[in-house]
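[1] Fold the following.
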Amino acid sequence: MNARLPSSERRPILELPDELISQIAAGEVVERPASVVRELVDNALDAGATQVTVRLQAGGVRLISVEDNGWGIHRTELPTALKRHATSKIASLGDLESVHTMGFRGEALAAICSIAEVSVLTRTDSGDEAHGWLLDGRSGELQPTARGPGTTVEVRELFFATPARRKFLKTDATELAHCIEAVRRHALARPEVGFAIWHDGKLVAQWRAVAADLAGGGALDALRQRLADGLGEDFIEQAVAVNWPADAVPGETALADGVQRLRVWGFAGVPDAARSRSDWQYAYVNGRFVRDKVIGHAARSAYEDVLHGHRQPVYALYVSLDPTRVDVNVHPTKIEVRFRDSREVHQAVRHAVDAALAAPRSAAAASAQAVLPQGEAGASPSPSTGAWTPPERLPSTLGGAQNPLPFQRYAQPDAIGQRVSDLGALWGNSLQGATPGSDSASTSTSSLQTDGTRSEPADSPPLPAGDWPLGRAIAQLQGVYILAENAQGLVVVDMHAAHERIVYERLKQQMDNEQLASQPLLIPATFAATPTEVATAEDSGVVLAMLGLEVVPFSPRTLAVRAVPTTLAQGDPVELARSVLAELSQHDASTVVQRARNELLATMACHGAVRANRRLTLDEMNALLRQMEITERSDQCNHGRPTWRQVNMRELDALFLRGR
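    Next comes the predicted model:
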């Protein structure tokens, strides 16, 4: 006879008591003091508060007090506020499908009451009440007290009813850090609200409210100030503004046919500001901080071409869309969301960040320099009187009418000339940089002397340094770096890395202008597929065809690859198909093909770029600088390394102790 384990004994089905239900809910909602802070600040913001003050003791374990100046709670509604699933945020299924508020579940206060001592002090702002009211969450006693309009929620002795949970808490300093981060996440999304955090009677963090003029597009300026206060001036100094669509006003809701348009704005850190950890990645959906794989993947994809190694980008991105197109009722802590059309959100975020990073930062630096008072940058005044704009045509001293950028054809190494010719229409003349109708090969050969150098034109006037963001070339260092002089001081350029990016971007432009050609396979490549892969292949035949792929069912559990993009014909068709199907089931499938294509183009660009120890003339160096100023992403090479560095006059003076 088999002995039954004690846990296998039959137990009757019973209805759980309300207190145990609340404690179970508390286990989902309240993980640590920071969880309580997050929920209470959510309620304060939903109440229209413009100032939120958080007071903590012992990292929030002994006391959490959140005070706001919102519209308060009416006396008759106060006892109901602490009951399970009691809320003013939603009243029907329609409200749940279109949530506009931070909190909406109606279980936070009840869950907190089951594991801590809670009291609520409130007074409405309507003027109907002469004083405030204090509610004891344990006894339910309600008594009058003095208070201005607003609400204060005090939570004492967290986890006193479940002492086992206290064993999982960290030190007071660690819990305090989590509480500060919880408030910081709210502060970065609401620059118009002031926040203050006190711990054991000392002010530990404060963010003052920033006024924003939405009509004048000041929302982005207010956000810039709040990000500088919350993340430091270094974040803003090394970040570019993100705004998509370009004609949209940041922070302003735009409607199209009565439906709120999808908007992406914020700030994205430049590649040089990347960190080893992903702790400075802030993503918001309709004002709510989220950890979303779609947004994270889209942002990381925008950095693929410019980020070095496994570094993590930094950004603060804000996505707004119609509330009916996003499900916020996915996770008890509201940290996750689900989009109705995740591919649309993925493309929007990626395009927004990619467009912001594409503009060369040398132009932005020149524009900023142009508006500074003379002498403020520590250098001689710039001859420019306005912001720099890319020229439509380069000076005649840098090339003839048929070829304004002779450096590209000059830099074409003879070793890969035959390879470029064989590629024909696919690559065109991207490595030579020739315009239609010009004979690049003959010009490239004639422009070189037998010793590999180019003669210096005798009538080339010096290029004014202040007229160009990267200045004018003055020398070449060890055959590797170009030294240039601009209004700020000295510019050092890695000529191979810079030219590699220029060639790479030209190749990508040519590829983008052509349809992805498909090459049928002589023998279809079959592979065992999962049900998800089979369903994705059947549903996405049109998208796959646009990408040059033909993947069809061979059997209920097998797929066959019959054609692949011509540019990727030498790769593994099965691996490519699996990658595309995996991305297509979650994200935009074209990112996989683009990634594989870009790897091939990057290899071609690396071989086509000018090599180290190649002596260049001043005209050729200046031509390279001018191309950098008008080439997208020219601040980083294909591998994410920087292509140029600025050394201003103040730094040069410090090296020689000038002015001391």
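[2] how does the chain divide up, domain by domain?
    Following the TED database, the chain resolves into domains at 18-207, 217-359, 472-645.
[3] Would you mind putting those domains into TSV with distance to Leu652 alongside?
    No exception for glycine: its C-beta is placed from N, CA and C like everyone else's. Output for the domains of the chain, formatted as TSV (distance: least, Cβ to Cβ, whole Å):
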stretch	distance to Leu652
domain 18-207	37
domain 217-359	20
domain 472-645	6
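[4] what residue ranges in the stretch 351-500 of the chain are flagged as low confidence?
    Counting by pLDDT under 70, the stretch 351-500 of the chain contains low-confidence ranges at 363-467.
[5] now do 50
    370-461, 463, 465 (pLDDT under 50).
[6] Likewise for the chain?
    Counting by pLDDT under 50, the ranges of the chain that qualify are 214-215, 370-461, 463, 465.
[7] List the neighbours of the helix or strand where Ala228 lies that are in contact with it.
    Secondary structure assigned from DSSP states H and E places Ala228 in helix 218-231. Outside helix 218-231, the residues that touch it by Cβ atoms under 8 Å, 6 or more residues apart in numbering are 184, 187-188, 191-192, 207-208, 210-212, 235-236, 239, 241, 243, 249-252, 265-267, 280, 316, 318.
[8] list the buried ones in that helix?
    Burial within helix 218-231, assessed by neighbour count using 16 or more other Cβ atoms under 10 Å, is assigned to 218-231.
[9] Among those residues, which one lies nearest to Leu63?
    Minimum distance to Leu63 across those is 24.4 Å, recorded for Gly230 (Cβ to Cβ).
[10] Point out the other helices and strands that the lengthiest strand in the chain packs with.
    Ranked by residue count under DSSP state E, the longest strand found in the chain is strand 518-528. With contacts defined as 3 or more Cβ pairs under 8 Å, 6 or more residues apart in numbering; DSSP states H and E, the secondary structure elements packing on strand 518-528 are strand 550-555, strand 558-565, helix 573-586.
[11] Which among those is found nearest to Ala654?
    helix 573-586 (49.4 Å).
[12] mind listing what's buried in that closest one?
    Neighbour counts over helix 573-586 (16+ other Cβ under 10 Å) mark Pro573, Val574, Leu576, Ala577, Arg578, Ser579, Val580, Leu581, Ala582, Glu583, Leu584 as buried.
[13] try stretch 318-326
    Judged by neighbour count (16+ other Cβ under 10 Å), stretch 318-326 contains these buried residues: Tyr318, Val319, Ser320, Leu321, Asp322, Pro323, Arg325, Val326.
[14] Just to be sure, the first one is in a strand?
    Yes: using DSSP: H, G, I helix; E, B strand; the rest coil, the secondary structure at Tyr318 is a strand.
[15] thought it was touching Arg190?
    No: here Tyr318 does not reach Arg190: they are 11.0 Å apart, not a contact under Cβ atoms under 8 Å.
[16] shared neighbours of the two, anything?
    With contacts taken as Cβ under 8 Å, 6+ apart, Tyr318 and Arg190 have Gly287 as neighbours in common.
[17] Strands of the stretch 101-250 of the chain, residue ranges please.
    For the stretch 101-250 of the chain, the strands defined by DSSP state E, counting those that start in this stretch occupy 117-123, 132-136, 142-145, 150-156, 194-199, 202-207, 239-244.
[18] List of residues touching the second one?
    The list of residues contacting strand 132-136 from outside it, by Cβ under 8 Å, 6+ apart, reads 72, 75, 78-79, 81-82, 119-123, 141-148.
[19] Equivalent analysis for the last one, please.
    Contacts of strand 239-244 from elsewhere in the structure, counted by Cβ under 8 Å, 6+ apart, are 220, 224, 227, 250, 263-270, 273, 314-315, 317, 348, 351-353, 355-357, 359, 361, 364.
[20] ok, the residue nearest to Asn486 when sequence neighbours are not counted - contacts?
    On the basis of Cβ to Cβ, 6 or more residues apart in numbering, the spatially nearest residue to Asn486 that is not a chain neighbour turns out to be Gly471, at 2.9 Å. For Gly471, the set of contacting residues under the criterion of Cβ under 8 Å, 6+ apart consists of Ala465, Ala484, Glu485, Asn486, Ala487, Val491, Leu625.
[21] Mind telling me what element the last one is part of?
    Counting by DSSP H and E, the element that carries Leu625 is helix 618-630.
[22] What are the buried residues along the helix or strand just after that helix?
    Past helix 618-630, heading to the C-terminal end, the next element that is a helix or strand (DSSP H and E) is strand 644-648. Neighbour counts over strand 644-648 (16+ other Cβ under 10 Å) mark Trp644, Gln646, Asn648 as buried.
[23] swap in stretch 640-656?
    In terms of neighbour count (16+ other Cβ under 10 Å), stretch 640-656 has its buried residues at Gly640, Arg641, Pro642, Thr643, Trp644, Gln646, Asn648, Met649.
[24] Now tabulate those in TSV and tack on distance to Ile24.
    Listed next are the buried residues of stretch 640-656 as TSV, based on distance: Cβ to Cβ, whole Å:
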residue	distance to Ile24
Gly640	47
Arg641	52
Pro642	53
Thr643	57
Trp644	58
Gln646	58
Asn648	60
Met649	65
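[25] Tell me the one of those nearest Val503?
    Nearest to Val503 among these, counting by Cβ to Cβ, is Thr643 at 12.5 Å.
[26] What values do phi and psi take at the residue nearest to the closest one when sequence neighbours are not counted?
    In space, Thr643 comes closest to Ala498 once its chain neighbours are excluded; the distance is 4.2 Å by Cβ to Cβ, 6+ apart. The phi and psi torsions at Ala498 (degrees, to the nearest 10) take the values phi -70, psi -50.
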